[in-house]
Structures are given as structure tokens and as C-alpha cells.
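Participant: sequence and predicted structure are below.
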Amino acid sequence: MAHRPGRAEAVAAARAEYTRWLESAHGPAHARRTAERNAAFFLPHIKPGMALLDGGCGPGSITLGLAQAVAPGHVTGVDVSASALERARALADERGVTNVTFEQHHLRSLPYPDGTFDAVFVHAVLQHVAEPGRVVAELFRVLKPGGVIGVADADFDGFICWPDDPLIARSTEVLTAARLEGDPRIGRRLRALLVEAGFERAAGMVAAGAEGEPAIVALTGDSWAQRFAAAPFVAYAEAAGIADRREMLAISEAWRRWGQHPGAFAARFWCQALGWKPA
């Protein structure tokens, strides 16, 4: 008799396909990030000559800006994704940035000796890991005494939107339930995580991003509409019992309507924290 996969196997298969799709779906947005915009709170605390670690560097668009800030110092970009690192290396070659290297490691266990780096930066990573405290402790270990860390991440509760469509509110619930691991509300905990790891002078801040111009609103609405209608996301949501196809497509259409609304507006918090390893 042929093996018939059970529900657990079906969920696992759908999850694997969703994971592969998710990386490619996030790629273009991640590549638009820059140090000037996304690491603005951190840049005043680094200087030329530093050795810097960019943890979870993705396609390297922030990393290259950090490399410019510490030149002739060196930046090491680390990520778990081989394909993201390939894009990062290509971008560095394209821009002629030579004081940067990219390596594939998980932040839970880094191969560097204690006190390797003068500074560490981590952007939009801790929300995706199951043990953020363990990651921050590892970052503390590889920092030199007196070294600085900057972390930034999302908090899904810090989101406002108009028009106030229940389906858009539901989209946040679906995204939260569909997370592979991690905490979508990690932003409020960043300062506490630094304190718990042993950092001193820990300071928490927040920046706000907004979509309130016609072109940006249209782009955002279309992007979310495409995401909720994407076959791998729909299949995983159905397999995991998060939402059925009809609801996913209704959410997709709600985002499309939002993007076409002449008065549409959305804003979200981006939480940040700084800390220093005791000298």
C-alpha cells in the first residue's frame, strides 16, 4: 500500500515550501535598507578603524554602509542564508567595497574568539530567532570590553492603519501565527535583553516609519496583496489551520483596496536599543 502522508507531514512540507518562498519574497525589501536610514541611531557610536560585526546581514545593503563608516576598519557580515550572502558579495563587488567579508554562521554559536569586535549591529533578526537571549549573550561574548552594540527590530503591536479594515487587522494575526519561530513583539524587549546579557548604559529608543504618499501606498498595498495571494503562503496557512484560501484571498483584496484608497495611511514603530560591554 502506498504511503499516504498524514497532517503533520503535509504541514511540514507546506512549511518547507513557505520557508523557501519567504526568503525570496523578503529579498527586494531587505535590499532597499541602508545604514543611513536603518542604522542612523548606531552610526554616531562607531568610528574609523573599528572591527564590526553585522549579525544577520542579509543581502548586505546596510553592511556596506557600516563598512564605509568604519573604513579602514573591517566589517564581517554574518547570515544563515547562503543565497543572501551571495547577493551581499555581489553588491560589495559592484560597489567596490573591499573592507568587508561575508560568512555563513548562526548567531547562536559564532566561531570568533572572545572580544573579537569593537562593535556589533543586528537589524530585524531577533524577531526571527527562538532564543533571543542566547543570541544576545553570544554577541556580548564576541564584543571587546567597552564595545558597543546596536539592535533594532519590529513590534507588531506598534502598527496603525487607515481605513480601518478588519481584514487588514486580521492580516497581522495571520502573519503572527505563520511565523516559523521567534517573537513578532520582540521590539519592546530589546533594552531588557541587553541588560540581561550584561550590557551597561542600555538605552531604548523608537523610530516610526509611515506610508502616506500615493506611490508608496500603492506599492505597499500591492506588495501585501501579492504576498497573501501567493500559493506557498496560502498552502501553508491552510495546512497549518491558520486561515483558509477564501480568507487569504479576501485579505489580499483588502490590501489591494487599501493601496488604491486616496486617503490611505499606515505607520509602525521600529524599536532600537544601544548598550556597551563593561570595560
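Facilitator: Sure, I can see it.
Participant: going by C-alpha atoms from here, please, whenever you check contacts or count neighbours.
Facilitator: Will do.
Participant: in this protein, which helix or strand is least confident?
Facilitator: helix 7-31 (a mean of 71; mean pLDDT, DSSP states H and E).
Participant: ok, the top strand by length along the chain: who's next to it in the sheet?
Facilitator: If you go by DSSP state E, the chain has its longest strand at strand 143-162. Strand 143-162 has the following strand partners under DSSP bridges: strand 117-123 (parallel), strand 265-276 (antiparallel).
Participant: what's the next secondary structure element after the least confident helix or strand of the chain?
Facilitator: Sequence-wise, the next helix or strand downstream of helix 7-31 (DSSP states H and E) is helix 35-38.
Participant: name the helices or strands packed onto that following helix?
Facilitator: helix 61-70 (3 or more C-alpha pairs under 8 Å, 6 or more residues apart in numbering; DSSP states H and E).
Participant: following the helix it packs on, which helix or strand comes up?
Facilitator: Downstream of helix 61-70, the first helix or strand assigned by DSSP H and E is strand 74-79.
Participant: keeping just the C-alphas, turn that next one into PDB.
Facilitator: Presented in PDB, the C-alpha positions along strand 74-79 are these (Å, rounded to 0.1, in the frame of the first residue of the first chain):
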ATOM      1  CA  HIS A  74      36.800  45.900   8.700                       C
ATOM      2  CA  VAL A  75      33.200  44.600   8.800                       C
ATOM      3  CA  THR A  76      32.200  41.000   9.000                       C
ATOM      4  CA  GLY A  77      28.700  40.200   7.800                       C
ATOM      5  CA  VAL A  78      27.100  37.000   9.100                       C
ATOM      6  CA  ASP A  79      23.900  35.300   7.900                       C
END
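Participant: now tell me what touches that strand from outside.
Facilitator: Strand 74-79 has contacts (C-alpha atoms under 8 Å, 6 or more residues apart in numbering) with 49-58, 60, 63, 66-67, 85, 99-107.
Participant: are any of these buried, and which?
Facilitator: Neighbour-count burial (16 or more other C-alpha atoms under 10 Å) applied to the contacts of strand 74-79 gives 50-58, 60, 63, 66-67, 85, 99-103, 105-107.
Participant: which of the contacts of strand 74-79 fall within helices?
Facilitator: Among those, DSSP state H puts 63, 66-67, 85 in helices.
Participant: reformat those as JSON lines; add distance to Asn38.
Facilitator: Listed next are the ones in helices among the contacts of strand 74-79 as JSON lines, based on distance: C-alpha to C-alpha, whole Å:
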{"residue": "Thr63", "distance to Asn38": "11"}
{"residue": "Leu66", "distance to Asn38": "11"}
{"residue": "Ala67", "distance to Asn38": "14"}
{"residue": "Leu85", "distance to Asn38": "19"}
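Participant: minimum pLDDT in those residues, which residue is that?
Facilitator: Of all the ones in helices among the contacts of strand 74-79, Leu85 carries the smallest pLDDT score, 95.
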